[in-house]
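# Fold the following and give me the result.
(one chain, ligands or ions: 1)
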Amino acid sequence: MKIFMMKNRVYNFGAGPAMLPESILLEAQDELLDWNNSGMSVMEIGHRTSEFTALLEHAEKSLRQLLSIPKHYQVLFLGGAARTQFAMIPMNLLHPNEQAAYLVTGIWSQMAYAEVLRLKKAYCVASGESSNFSAIPDFESWDIKKESTYLYYTPNETVNGIRVPFIPEMGEVPLIADMTSCLLSEPIDIERYGLIFAGAQKNIANAGLTLVIIRDDLLARTPKPIVATMMDYQIQTENHSMYATPPVFNCYLAAKMFDWIQKQGGVQVLYERNCAKAQLLYQFLDVSYFYTTPVVPEARSIINVCFSIKNKALEQKFITLAREKGLAALQGHRTIGGLRASLYNAMPIAGVEALVDFMAEFAQDNPL
Ligand SMILES: Cc1ncc(COP(=O)(O)O)c(C=O)c1O
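Modelled structure (predicted):
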């Protein structure tokens, strides 16, 4: 098999779609025309064949092992953007006479809150908006109503570079977490949550797949009013994520990613690596006269590091020069600007070292 290796691969600091391990891309390249000795690409083979169902079963089993997912949680591989869950969650779990609690800590939870308000009743327990999403409101200050059906939050806010550094203690109220940018980057205790979801385009596969991990008692909640078949968690579960054709190539890459994580030593090993990468960058930022980082130290994301240059006029030059040096996609999110380095599992420590070296050099060459 002829393998075409790119000489000019970059360190991709984009927030998503994000960098994937090169070994996975090469394997996919190798298998593109003939997967599993089928004489077909995985994109051409029927999703109900024994080969593909075995692939999906393998992917689920690996994910269950990596995250120690208990039997009373179901795993769904759903087609569509992570944002679809902003609607599916209230449509499935929230009845018309109930209300859900939302913690707003950045752009993604803000958007999820806006979506629930279009559909059902919800209230905001606390918002970090007044601090420009640079700090998490103190848990003691949250306005929690006991009769909340669930608490929704975003443990890692990809755009704002902020994480909730604790798991909210909500007693019987189920926790729902958007882990799009942090699933598999750190160990989690699944049993603290009622539902977790994650879009694939950061740490899992290519865009178009969303994983949902849902506890059986939430699954048993009959949606009121009734929801479209494709949007019904129960129906998707009964059909093992195959009510419709699943995003087959994404599932194939996800299976490879789970194997890759296993080979690296598991989620704990990657977490330690991720902490080391983030620490390298934050330590550099903290002593810099040239760069600043907006988020309070105790709530800094270990995955999405937001920063800026004290002279904002230099930022475009920074992005352009970095790109020339093979350090790509360092611009902040289009809604807030600034700079951001995303350090998902596939980013090696060498990438962060190269970034820090470049940042030091740039600061030296460009007076504020
Ligand atoms: C935390 C979080 N939630 C939701 C989304 C939305 O993902 P999608 O574009 O797949 O809807 C993103 C995308 O970056 C995200 O980072």
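# Next, find the distance separating Val305 from Lys325.
18 Å (CB to CB, to the nearest Å). No exception for glycine: its C-beta is placed from N, CA and C like everyone else's.
# between these two, who's got more neighbours?
Val305 (24 against 15; other CB atoms under 10 Å).
# who touches the more buried one in this structure?
If you count contacts by CB atoms under 8 Å, 6 or more residues apart in numbering, Val305 has them with Gly161, Ala278, Leu281, Tyr282, Leu285, Thr293, Arg340, Ala341, Ser342, Leu343.
# Any chance of JSON lines for those residues, columns pLDDT, secondary structure and distance to the ligand?
Putting the contacts of Val305 into JSON lines (pLDDT from 0 to 100; DSSP: H, G, I helix; E, B strand; the rest coil; distance: CB to the nearest ligand atom, whole Å) gives the following:
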{"residue": "Gly161", "pLDDT": "98", "secondary structure": "coil", "distance to the ligand": "11"}
{"residue": "Ala278", "pLDDT": "98", "secondary structure": "helix", "distance to the ligand": "17"}
{"residue": "Leu281", "pLDDT": "98", "secondary structure": "helix", "distance to the ligand": "19"}
{"residue": "Tyr282", "pLDDT": "98", "secondary structure": "helix", "distance to the ligand": "20"}
{"residue": "Leu285", "pLDDT": "98", "secondary structure": "helix", "distance to the ligand": "21"}
{"residue": "Thr293", "pLDDT": "96", "secondary structure": "coil", "distance to the ligand": "19"}
{"residue": "Arg340", "pLDDT": "98", "secondary structure": "strand", "distance to the ligand": "11"}
{"residue": "Ala341", "pLDDT": "98", "secondary structure": "strand", "distance to the ligand": "15"}
{"residue": "Ser342", "pLDDT": "98", "secondary structure": "strand", "distance to the ligand": "10"}
{"residue": "Leu343", "pLDDT": "98", "secondary structure": "coil", "distance to the ligand": "14"}
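# ok, which pair from these is furthest apart?
In the contacts of Val305, two members sit farther apart than any others by CB to CB. They are Leu285 and Ser342, at 15.0 Å.
# ok, these two, which is more surrounded?
More crowded of Leu285 and Ser342, by other CB under 10 Å: Ser342, with 23 against 19.
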